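> Quick one, structure for this:
(2 chains)
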Amino acid sequence: MRIGKITTPHGIIHTPAFIFCATKGAIKGVTMEDMRIEQSQIILANAYHLMPAVETIHSLGGFARMSGWQGPTLTDSGGYQIFSMGYGSVSEEIKGNRHFQNTKHNVKITEAGATFKQYTNGNLLFLSPEKSIEIQEKIGADLIVAFDECTPYHVDRNYTEESMRRSHRWEKRSLMHFNKLELQKNDETLPQALYGVVQGGVYEDLRHESCNFINNEDFFGQAIGGSLGATKVQMQSVVATTMQYLRKDKPIHLLGIGRIEDIFNGVELGIDTFDCVHPTRLARHGGALIKHGDADIDTSHINLRNHRFIADDTPIGKSCLCQTCRTYSRGYINHLLKNQELLAIVLIARHNVRFMNDLMAAVRQGITSNTLQQVKKMWLS
RNA sequence: GGAUGGGUGGCUGAGUGGUUAAAGGCAGCAGACUGUAAAUCUGCCGACGGUGGUCUACGGAGGUUCGAAUCCUCCCCCAUCCA
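Have a look, this model is predicted:
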């Protein structure tokens, strides 16, 4: 475990840090002012989703400026969409959902890149390493990610290996194209930093091989991606194994992970940054993040739709200082949810954002003062 | 007073002799959600019993039938129109 700083043209990120997902350019339900007020450090957007709008974003000064966020940003490459557009969400893929059973053909992978058939209009959309880097360059994020394929869980070892090797080739092309574009930049265009992504699925030898590849390439940072397994135990084991082989002198990001217990597990293994849709998605479904001690049952979130909150006059978090908890009760939010009032989502999302930021601050403090285990107990026991 | 249409589970609304404890939808009660195809999805949702099951159900009362939410008779109620 370690604390650190990542310096970007838009500011310094204190790590371990959580990165919020503004996939299409907005944090769902939260304004950028509130993101700042609730002490967020960095947000992320996605090259796949923003590809059609890339010229607009560029002409409006890039993602950070256009959105009003102004602070540090990261863009994802679109590699996750190779997985999600064909298989659905991580849990849907693992559990075997019906809806996405016949959508694999919506994504075609060749050595050149990936062609997506958009489910909305049937238009074809092509992403390659070079294309993804160019889009991310135009979006202007401080941190960007090499183009890879996020491998599903339900594929065999052969496919995982094949895919990993292709991802390596794609990442190498990403790096080459990135370096070329960086060299062409003048004083007015801000430098960016590129992350490589470790693949290899749940197979230790493949993870090892992938780490070796990433370790030896000139990436600014290293991200852990791909399938981390079907269970929490397996995920922890895959991440631990990967961390064992990954060099430690660069920032390390864990892609897509961000439940409370996973943050502690990751931090203990030396992860510097996390990103996850969980806090904001959970909020849209009525779920508020909570310290275990703040709930009457063993849980890391409460569903404010539940009948038991109907007359609850207390805030979501007993000691939370977010704008929501300063003013609104669980009972009121329960009422808003039952009446489909949009404000419910806004209030919960804002709380969840602050919750994650408070969590990360507590984690950093815990590392600094060598009391992480006590911090963990406060948040999880 | 007359004419017509209708009364189905909390609401809405299918169903016109058996495979119907009764489609859908809503509401209700839970659960899931991890580089966002998601303000989404899944399950339960007459009553009693842990399932199996048992009982009570389609305005009310009779009747036809092996069998009725569905057909017949009378009654009650609602909507619209005419006096």
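> Count residues in the vicinity of the closest residue to RNA strand B within the stretch 151-300 of chain A, would you?
Per Cβ to the nearest atom of the strand, residue A:256 is where the stretch 151-300 of chain A lies closest to RNA strand B, at 2.5 Å. For the C-beta atoms, the positions are set from N, CA and C on the backbone; glycine is no exception. Residue A:256: 21 surrounding residues under other Cβ atoms under 10 Å.
> That one sits in which helix or strand?
Using DSSP states H and E, residue A:256 sits in no helix or strand.
> how far away is it from residue A:273?
12 Å (Cβ to Cβ, to the nearest Å).
> Same question for residue A:150.
Taking Cβ to Cβ, one finds residue A:150 at 17 Å from residue A:273.
> Just want to know which of these two has more residues nearby.
More crowded of residue A:150 and residue A:273, by other Cβ under 10 Å: residue A:273, with 27 against 24.
> Quick check: next helix or strand after the helix or strand hosting residue A:324?
Using DSSP H and E, residue A:324 sits in helix A:323-327. Toward the C-terminus, helix A:323-327 is succeeded by helix A:330-338 as the next helix or strand (DSSP H and E).
> what packs against that next one?
If you count contacts as 3 or more Cβ pairs under 8 Å, 6 or more residues apart in numbering; DSSP states H and E, helix A:330-338 packs onto helix A:342-368.
> Report the buried residues of whatever helix or strand comes next after the helix it packs on.
Later in the chain than helix A:342-368, the nearest helix or strand by DSSP H and E is helix A:372-380. Of all the residues in helix A:372-380, those buried under the rule 16 or more other Cβ atoms under 10 Å are A:372, A:375-376, A:379.
> burial of residue A:102, as a residue count?
Number of residues near residue A:102 (other Cβ under 10 Å) recorded here: 9.
> who's in contact with it?
By Cβ atoms under 8 Å, 6 or more residues apart in numbering, the contact list for residue A:102 is empty.
> Just the pLDDT at residue A:296, thanks.
On the pLDDT scale, residue A:296 is placed at 67.
> Name whatever forms a beta bridge with residue A:14.
Note on residue A:14: beta-bridge partners by DSSP bridges are residue A:5.
> Next up, the contacts around it.
A:3-5, A:41, A:364.
> Can you lay out those as a markdown table showing distance to residue A:188?
Formatted as a markdown table, the contacts of residue A:14 follow (distance: Cβ to Cβ, whole Å):
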| residue | distance to residue A:188 |
| --- | --- |
| A:3 | 33 |
| A:4 | 29 |
| A:5 | 25 |
| A:41 | 25 |
| A:364 | 34 |
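> Check the buried residues of helix A:372-380 one by one and keep those near RNA strand B.
Checked against RNA strand B using Cβ under 7 Å from any atom of the strand, those give no members in range.
> So which of these is the closest to RNA strand B?
Within the buried residues of helix A:372-380, the smallest distance to RNA strand B is 15.4 Å, found for residue A:379 (Cβ to the nearest atom of the strand).
> Isn't residue A:258 up against residue A:275?
Yes - counting by Cβ atoms under 8 Å, residue A:258 touches residue A:275, with 6.7 Å between them.
> Tell me the residues that contact both of the two, please.
With Cβ under 8 Å, 6+ apart, residue A:258 and residue A:275 have common neighbours residue A:18.
> and the closest residue in space to residue A:62 that isn't next to it in sequence, what does it touch?
Spatial nearest neighbour of residue A:62, excluding adjacent residues (Cβ to Cβ, 6 or more residues apart in numbering): residue A:140 at 2.9 Å. For residue A:140, the contact set (Cβ under 8 Å, 6+ apart) comprises A:57-58, A:61-65, A:73, A:190, A:192.
> from these, which ones fall inside strands?
The strands, defined by DSSP state E, take in residue A:73 from the contacts of residue A:140.
> Return the member of the contacts of residue A:140 nearest to residue A:333.
Nearest to residue A:333, judged by Cβ to Cβ, of the contacts of residue A:140 is residue A:73 at 29.8 Å.
> Dig out what the closest one forms beta bridges with.
On the basis of DSSP bridges, residue A:73 is bridged to residue A:43.
> How confident is the prediction for it, by pLDDT?
Per-residue pLDDT puts residue A:73 at 98.
> pLDDT weak spots in chain A?
Scanning chain A for pLDDT under 70 picks out A:296-297.
> Centre-most residue in it?
Against the mean C-alpha coordinate of chain A, by Cα atoms, centre = their mean, the closest residue is residue A:275 at 2.5 Å.
> quick one: contacts for that one?
By Cβ under 8 Å, 6+ apart, the contact list for residue A:275 reads A:18-21, A:44, A:74, A:76, A:253, A:255-258.
> Please indicate which of those residues are buried?
A:18-21, A:44, A:74, A:76, A:253, A:255-258.
> related to what we said a few turns ago, would you mind writing the CA trace of the helix holding residue A:324 as CSV?
Coordinates of each C-alpha in helix A:323-327 appear next as CSV, following Å, rounded to 0.1, in the frame of the first residue of the first chain:
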residue,chain,number,x,y,z
GLN,A,323,-24.8,18.5,1.0
THR,A,324,-27.5,15.8,1.0
CYS,A,325,-26.9,14.6,4.5
ARG,A,326,-26.7,18.2,5.8
THR,A,327,-30.3,18.8,4.7
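> ok, and what's touching it?
A:34, A:37-38, A:315-317, A:333, A:347-348, A:350-351, A:354.
> With stretch A:48-63 instead?
A:23-25, A:45, A:66, A:69, A:73, A:75-78, A:80-81, A:116, A:125, A:127, A:135, A:138-141.
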